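Student: could you look at this predicted model? Sequence included:
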Amino acid sequence: MEWFENEEFWLEYAPIIFDSKRWAEAPDVADQICKIAGLQKGMKLLDAGCGPGRIAVELASRGLDVTGVDLVQGFLDAADDTAKNEGVKLNLVKSDLRTFTSETQFDAAINLYTSFGYCDTREEDEKILRSIANSLKKGGWFIMELLGREIAVRDFTEGEWFERAGKVVLTEFSVVGPWEGLQSKWILIDVTGARTEHVHVQRLYSSTELQTILKGCGFASVEVYGDFDFSPYNEKARTTVVVARK
């Protein structure tokens, strides 16, 4: 079992990863997704790696037919609870994106909040992208937000500490290979002094690599931007946003 298949990890770290700031930005992100892909009520959208439904619920509240896929049952349960509380419907599927298939052909798909690059091999990463491409209609949109290599190099720090969700969080970062990946060590310390540690590596891709890979996985066009507002992917980029079309 790979680390991201470990449900206990996600339940432990979810309050740290999905803090109030991330939930607060969800409506704006959902609006940008709809604008980029020209989404309208009734259209079908795949949230590939939906987590606790942060964006999926917002998109469903805008009248979209949203299917959320995730490996972690606890996240799917949380997404279902949030959807019910908001009075919207989500189609939730527990599946590994490397092998996910769907009879539904979606108008658009998303993979957000740096949810890509954690498999052991590049080939497995590509399986995820092919699976998403195969789930889209011809002309369908795919929007992905991730940590591009350029951003990782520019903003690299060896670590930091902060307080969140009632815990002290210590982070340590190191480069794997010639900037092939970024190793992250997260240490959580609660009020009793109990300590939890987790280490993982995220594979890093440059913008040109992402364009080449996505085209090889079935996308006809691939553009890379520095934010959801189509700002340039340059030295001022806030993040890495990939907009692809099948």
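Tutor: Arrived safely, thanks for sending.
Student: I'd guessed L147 sits against L182; true?
Tutor: Yes: counting by C-beta atoms under 8 Å, L182 is a contact partner of L147 at 7.3 Å. C-beta: built from backbone N, CA, C; applies to glycine.
Student: who touches both of the two?
Tutor: Counting by C-beta atoms under 8 Å, 6 or more residues apart in numbering, the residues touching both L147 and L182 are Q202, L204.
Student: pretty sure K41 contacts V66?
Tutor: No: taking C-beta under 8 Å as the definition, K41 is not a contact partner of V66, at 11.7 Å.
Student: the two - which one has more neighbours?
Tutor: Neighbour totals were compared for K41 and V66, and V66 leads with 29 against 9 (other C-beta atoms under 10 Å).
Student: doesn't that one belong to a strand?
Tutor: Yes: applying DSSP: H, G, I helix; E, B strand; the rest coil, one finds V66 inside a strand.
Student: and stretch 186-195, end to end?
Tutor: One end of stretch 186-195 to the other measures 10 Å (C-alpha to C-alpha, to the nearest Å).
Student: pLDDT (mean, whole number) over it?
Tutor: Mean per-residue pLDDT for stretch 186-195: 94.
Student: quick one: contacts of that stretch?
Tutor: Against stretch 186-195 from outside (C-beta under 8 Å, 6+ apart): 12-13, 16, 166-172, 196-199.
Student: now for the nearest residue to R98 once chain neighbours are set aside, how many residues are close by?
Tutor: Using C-beta to C-beta, 6 or more residues apart in numbering and skipping the chain neighbours, the partner closest in space to R98 is K127 (4.4 Å). Counted by other C-beta under 10 Å, the residues lying close to K127 total 18.
Student: number of residues surrounding R195?
Tutor: Residue neighbour count, defined by other C-beta under 10 Å, stands at 12 for R195.
Student: only the buried residues of the helix or strand D81 falls within, if you could.
Tutor: Following DSSP states H and E, one finds D81 within helix 73-86. For helix 73-86, the neighbour count (16 or more other C-beta atoms under 10 Å) marks F75, L76, A78, A79, D80, T82, A83 as buried.
Student: how about these in TSV, adding pLDDT and distance to A24?
Tutor: TSV is the format used below for the buried residues of helix 73-86 (pLDDT from 0 to 100; distance: C-beta to C-beta, whole Å):
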residue	pLDDT	distance to A24
F75	91	19
L76	95	22
A78	92	17
A79	95	17
D80	97	21
T82	95	14
A83	97	18
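Student: which of those sit farthest apart?
Tutor: F75 and A83 (12.4 Å; C-beta to C-beta).
Student: list residues touching both of the two?
Tutor: Overlap of the contact sets of F75 and A83 (by C-beta under 8 Å, 6+ apart) consists of G53.
Student: low-scoring stretches of this protein, by residue?
Tutor: Residues of the chain that meet the criterion pLDDT under 70 lie in 1.
Student: return the alpha-carbon coordinates of the one helix or strand E160 maps to using PDB.
Tutor: Assigned by DSSP H and E, E160 falls within strand 159-164. What follows is strand 159-164 as a C-alpha-only set of coordinates in PDB (Å, rounded to 0.1, in the frame of the first residue of the first chain):
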ATOM      1  CA  GLY A 159      11.400  24.100   6.300                       C
ATOM      2  CA  GLU A 160       9.100  26.100   8.600                       C
ATOM      3  CA  TRP A 161       6.800  25.800  11.600                       C
ATOM      4  CA  PHE A 162       3.300  27.100  12.400                       C
ATOM      5  CA  GLU A 163       0.300  26.400  14.500                       C
ATOM      6  CA  ARG A 164      -2.900  25.000  13.000                       C
END
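Student: can you classify the most far-flung residue of the chain relative to its centre as helix, strand or coil?
Tutor: Relative to the C-alpha centroid of the chain, counting by C-alpha atoms, centre = their mean, T192 is the outermost residue, at 32.2 Å. Under the three-state scheme (three-state DSSP), T192 adopts coil.
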